[in-house]
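Engineer: 3D model of this:
(2 chains)
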2 protein chains.
Amino acid sequence: MVEFIDGGITTPQGFKAVGVHSGVKYRSLDLGLLYSEVPATAFEAFTSNAVKAAPVQLMMNDNSPKLSAVVVNSGNANALTGRRGYEDAEAMQRAVAAELSIDPKEVGVMSTGLIGRFMDMHKIQYGISKAAKELSQGREADALMCEAIMTTDTIKKECAVRVRLGDGTLVYLSMISKGSGMISPHLKVLHGTTLSIITTDAVLTPKFKDTFQQILDDSMNMVSVDGDQSTNDTCVMMANGMAGGKPADDDPAFIDALRMVTTKIAKTIAMDGEGATKLITVEVTGAATHDDAVLAVKKIINSPLVKTAIFGSDPNYGRVMMALGNSGCKFSLNDVHLTIKGGDMEVPILDSGSPVFQEERSVEVVRMAMDNKEVILQIDLGVGNESSTGWGCDLTYDYVRINAEYTT
Amino acid sequence: MVEFIDGGITTPQGFKAVGVHSGVKYRSLDLGLLYSEVPATAFEAFTSNAVKAAPVQLMMNDNSPKLSAVVVNSGNANALTGRRGYEDAEAMQRAVAAELSIDPKEVGVMSTGLIGRFMDMHKIQYGISKAAKELSQGREADALMCEAIMTTDTIKKECAVRVRLGDGTLVYLSMISKGSGMISPHLKVLHGTTLSIITTDAVLTPKFKDTFQQILDDSMNMVSVDGDQSTNDTCVMMANGMAGGKPADDDPAFIDALRMVTTKIAKTIAMDGEGATKLITVEVTGAATHDDAVLAVKKIINSPLVKTAIFGSDPNYGRVMMALGNSGCKFSLNDVHLTIKGGDMEVPILDSGSPVFQEERSVEVVRMAMDNKEVILQIDLGVGNESSTGWGCDLTYDYVRINAEYTT
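Structural biologist: Next up, the predicted model:
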């Protein structure tokens, strides 16, 4: 029913976008602008880090039910910039509003990049003015917008789907995202990580908010690159209703579509974690509560020792159990089953808490399973029926290099 | 009053020790034995990881008020080894008891090394028998014991002090420890990380337990190399009373001495974190509660982004604030002062939440401060009077190398 298509942020009807070079960064595109022909019902989620960047503070204060545009700059996070930073974020909002003749409150603002530096507003103003003139629709516009919001990303995070709703309406849904470090989102509707924008021409009403949060909790909020949650992370969904039809709030096909899109992007973010060579998927089943399952998934996916072992295809699975034991999740060791999957191999490791094998040859089999681009750790806690899945990546020399040299 | 001296685990009266090669490891010493001529009052703290190694389970079950000996092997953690592992730990206890003609319940057992492999008990039995015959006193015995318990450690963690108590008694206090990875201890008396043994000839009674826990909480439990807490961590203090005099339970000089010894070892463990090139000290003051201060210290010291920035001397101090914001500690950004110290430089960074400077030249000063073997991050939250200090290390290429190749 949900069909992935070659599309991007302007694939749903009525959306235009562009990415330009404002000069905040030395060479690459550093300012993206998205515009909807009609004001779109907005769903917003922000970082729950107590230190929130100026644009996050501004959008939370505005709490606008409708957005017509979103401006995103990369290169400077406008975080730890005090009152001046807040005024700069407001100035970005006003500049976009003036260029597009819309209400400033209908302009979303996002920033990513270095923390603790004031924005060069001359460059930003120049960029906004240029972007407003170059807004357009189609795959080139999609690509420019997507590129403009990237920092250390190496893969474009973009996807689009088409889905037919229960009432027969054909709607499009698209998402772009940036983020490869400082990633352990805990996005709360109005209280989030990574910059993400979702566009759709479906009709949605504000009561979709809870479903939006739940889908983020199961997708974006289950990604972790380093367990560090950013000061800037924001996810905005704009539903401009231009496809017509009934509200899609409770439409199972729409909910499926949004879940598929956010899950796909979540996995892409994990796979593109700074320096990552492997995608790690942790699936915890048999938990007493959903919260327990989430605790276990997050502790395992954030453990530096698990992450380095997977980088080295080191069959040191005891580290998975060490992390599980530290998670605070309720279980009894004697009930635990652990399986490691990679490629088309599926290797049982622990059976009811005991190692399945001891010989060197068997250990070699674990190493072979781990020597794949995607490694899946399956843990059945055997105490209940709740489950959770999360995505992360290995911890590599390149993660250290990228982050030891970031500002230089 | 407290005087550091050249001494080790056998410096307090009545203690003998040795380290031997049992064959669990290919070449190096891998089994250490400590013996007290008279049964010593024992204080024990264990990992709070829900997955506890067999020797930890055994010692917790025994809960012995007195210990006469402690056997420690490296190379195999005897963790995730089920019933057979537990029986192996018991067999170690019995073997030591038989060799030394003591009650098995007076034998402490500690293991460190690979998780998920059964012990080679033939080698262990051979090692215990050899060690029992070679027990002796003095700096050579100290060195052998200290070496036998090391795994990826590169520095010996050993120190000794002499202190005169209130009643005039001169007592000796000594501590050895191993641990450079999987370190984020949360040692709870009878429910802890790193293997540590403290010997003293002071007289202590069981009521010293709370003071022991409090000193561990301020020292060993404030060290973090990677935020991963081991399945095996154990700290045992043996007080054999051979110095005579009154019980030292409430003696300020003794308490000072123990605090100085555990703090010195804690800092050495942090400095010797796997792959570490720098010691990071985080001092949080002005917190509303002590728990808040601890939360803030631990989150900052465990942040991969803070750790890599310090490795690269990258003046990306926004990451410190990012970590603080994620800690759950209560503060208002406008009250926060941040200072970075390194060598004899002291650089104010944030003053009441605002960056002190913006220019490139000033950023260079931060880099110079960070380019030192010890970097101190001082954060004054400005909301209260509580404080906490913790120690960690930078995250380097070598951390990744060591842990990606551990079992191979």
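Engineer: Spell out whether the longest strand anywhere in chain A and chain B are in contact.
Structural biologist: In chain A, taking DSSP state E as the definition, the longest strand is strand A:31-46. No. Strand A:31-46 is not in contact with chain B by CB under 8 Å from any CB of the partner chain; minimum separation 12.4 Å. For the C-beta atoms, the positions are set from N, CA and C on the backbone; glycine is no exception.
Engineer: In that strand, which residues are buried?
Structural biologist: Buried residues in strand A:31-46, counting neighbours by 16 or more other CB atoms under 10 Å in any protein chain shown, are found at A:31-36, A:39-46.
Engineer: Among these, which one lies nearest to residue B:157?
Structural biologist: The nearest member of those to residue B:157, counting by CB to CB, is residue A:46 at 44.2 Å.
Engineer: which stretches of chain A have low pLDDT?
Structural biologist: A:180-193, A:357-361, A:406-408 (pLDDT under 70).
Engineer: From residue B:404, how far out is the nearest residue to residue A:366 once chain neighbours are set aside?
Structural biologist: Leaving aside its chain neighbours, residue A:366 sits nearest to residue A:315 (3.6 Å; criterion: CB to CB, 6 or more residues apart in numbering or on different chains). In this view, residue A:315 and residue B:404 are 12 Å apart by CB to CB, to the nearest Å.
Engineer: can you count the residues close to residue A:84?
Structural biologist: 14 (other CB atoms under 10 Å in any protein chain shown).
Engineer: For it, pull up the helix or strand it's in.
Structural biologist: In this assignment (DSSP states H and E), residue A:84 forms part of helix A:82-100.
Engineer: What residues sit buried inside that helix?
Structural biologist: Neighbour-count burial for helix A:82-100, counted by 16+ other CB under 10 Å, picks out A:82, A:85-86, A:88-93, A:95-97, A:99-100.
Engineer: what do you get for stretch A:282-293?
Structural biologist: Going by 16+ other CB under 10 Å, stretch A:282-293 has these buried residues: A:282-287, A:290, A:292-293.
Engineer: taking those residues one by one, which sit in strands?
Structural biologist: Under the assignment DSSP E, the buried residues of stretch A:282-293 contribute A:282-287 to strands.
Engineer: Pick the one among those closest to residue A:377.
Structural biologist: Nearest to residue A:377 among those is residue A:282, at 4.9 Å by CB to CB.
Engineer: In this structure the closest one contacts residue A:377, no?
Structural biologist: Yes. Contact criterion CB atoms under 8 Å: residue A:282 and residue A:377 qualify, at 4.9 Å.
Engineer: can you list residues touching both of residue A:315 and residue B:404?
Structural biologist: Common contact partners of residue A:315 and residue B:404 (CB atoms under 8 Å, 6 or more residues apart in numbering or on different chains): residue A:309.
Engineer: From residue A:30, how far off is residue A:113?
Structural biologist: Taking CB to CB, one finds residue A:113 at 8 Å from residue A:30.
Engineer: Between those two, tell me which one has more neighbours.
Structural biologist: More crowded of residue A:113 and residue A:30, by other CB under 10 Å: residue A:30, with 28 against 18.
Engineer: quick one: residue A:338 is in a strand?
Structural biologist: Yes. The assignment for residue A:338 by DSSP: H, G, I helix; E, B strand; the rest coil puts it in a strand.
Engineer: what's the overlap in contacts for residue A:282 and residue A:377?
Structural biologist: With CB under 8 Å, 6+ apart as the test, residue A:282 and residue A:377 both reach residue A:300.
Engineer: Find the pair from the buried residues of helix A:82-100 with maximum spatial separation.
Structural biologist: Greatest spatial distance in the buried residues of helix A:82-100: A:82 and A:100, 28.2 Å, computed using CB to CB.
Engineer: one step back: can you say which two of the buried residues of strand A:31-46 are spatially most distant?
Structural biologist: By the measure CB to CB, A:31 and A:41 form the most distant pair in the buried residues of strand A:31-46, at 25.1 Å.
Engineer: so what's the closest residue to residue A:297 other than its chain neighbours bridging to?
Structural biologist: Using CB to CB, 6+ apart and skipping the chain neighbours, the partner closest in space to residue A:297 is residue A:390 (3.9 Å). Taking DSSP bridges as the rule, residue A:390 bridges to residue A:282.
Engineer: can you give me the helices for chain A?
Structural biologist: Using DSSP state H, the helices of chain A run over residues A:54-62, A:82-100, A:121-134, A:139-148, A:209-218, A:252-271, A:290-302, A:304-311, A:318-326, A:360-370, A:397-404.
Engineer: what is the orientation angle of the third one with strand A:31-46?
Structural biologist: Right, the one you point to is helix A:121-134. Helix A:121-134 runs at 100 degrees relative to strand A:31-46, counting by axes from the mean of the first three to the mean of the last three CA atoms, to 10 degrees.
Engineer: Domains of chain A: list them as residue ranges, please.
Structural biologist: Domains of chain A are assigned by automatic domain parsing as A:2-271, A:279-404.
Engineer: Rebuild those as CSV, extending it with distance to residue B:216.
Structural biologist: Listed next are those as CSV, based on distance: least, CB to CB, whole Å:
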stretch, distance to residue B:216
domain A:2-271, 25
domain A:279-404, 18
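Engineer: Tell me which of these sits nearest to residue B:325.
Structural biologist: Residue B:325 sits nearest to domain A:2-271 of all the domains of chain A, at 3.1 Å, using CB to CB.
Engineer: now that closest one, how far from the centre of its chain.
Structural biologist: Here domain A:2-271 shows a centroid-to-chain-centroid distance of 10 Å under the convention CA atoms, centre = their mean, to the nearest Å.
Engineer: Name the residues of stretch A:107-124 that are buried.
Structural biologist: Residues A:107-117, A:119, A:123-124 are the ones in stretch A:107-124 that count as buried (16+ other CB under 10 Å).
Engineer: of the residues you listed, closest to residue A:164?
Structural biologist: Comparing the buried residues of stretch A:107-124 against residue A:164 with CB to CB places residue A:108 closest, at 28.9 Å.
Engineer: Excluding chain neighbours, what is closest to the closest one?
Structural biologist: Per CB to CB, 6+ apart, closest to residue A:108 is residue A:70, 3.9 Å.
Engineer: for chain B, what are the nearby residues on the stretch 201-350 of chain A?
Structural biologist: A:226-231, A:302-305, A:308-309, A:311-312, A:314-319, A:321-327, A:331, A:333, A:350.
Engineer: again, only using 7 Å
Structural biologist: For the stretch 201-350 of chain A, the residues in contact with chain B (CB under 7 Å from any CB of the partner chain) are A:226-231, A:303-305, A:308-309, A:311-312, A:314-318, A:321-326, A:333.
Engineer: Against chain B, how distant is residue A:392?
Structural biologist: As judged by CB to the nearest CB, to the nearest Å, residue A:392 and chain B stand 12 Å apart.
Engineer: Can you verify my assumption that that residue contacts residue A:278?
Structural biologist: No. With contact defined as CB atoms under 7 Å, residue A:392 does not reach residue A:278; the gap is 9.5 Å.
Engineer: So the two - more neighbours on which side?
Structural biologist: Each of residue A:392 and residue A:278 has its neighbours counted (other CB under 10 Å); residue A:392 has more, 32 against 22.
Engineer: Contact partners for the closest residue to the more buried one other than its chain neighbours?
Structural biologist: Once flanking residues are discounted, residue A:392 sits nearest to residue A:301: 3.7 Å by CB to CB, 6+ apart. Listed by CB atoms under 7 Å, 6 or more residues apart in numbering or on different chains, the contact partners of residue A:301 are A:224, A:280, A:282, A:390, A:392.
Engineer: what separates residue A:301 from residue A:393, distance-wise?
Structural biologist: Residue A:301 is 9 Å from residue A:393, by CB to CB.
Engineer: which neighbours do these two share?
Structural biologist: Looking at what touches both residue A:301 and residue A:393 (by CB under 7 Å, 6+ apart), the common residues are residue A:280.
Engineer: ok, for residue A:255, nearest residue in space, not its chain neighbours?
Structural biologist: Among residues not flanking residue A:255 along the chain, residue A:211 sits closest, at 6.2 Å (CB to CB, 6+ apart).
Engineer: Test my guess that the one you found contacts residue A:252.
Structural biologist: No. Between residue A:211 and residue A:252 there is no contact under CB under 7 Å: 10.8 Å.
Engineer: Sweet, I'm off.
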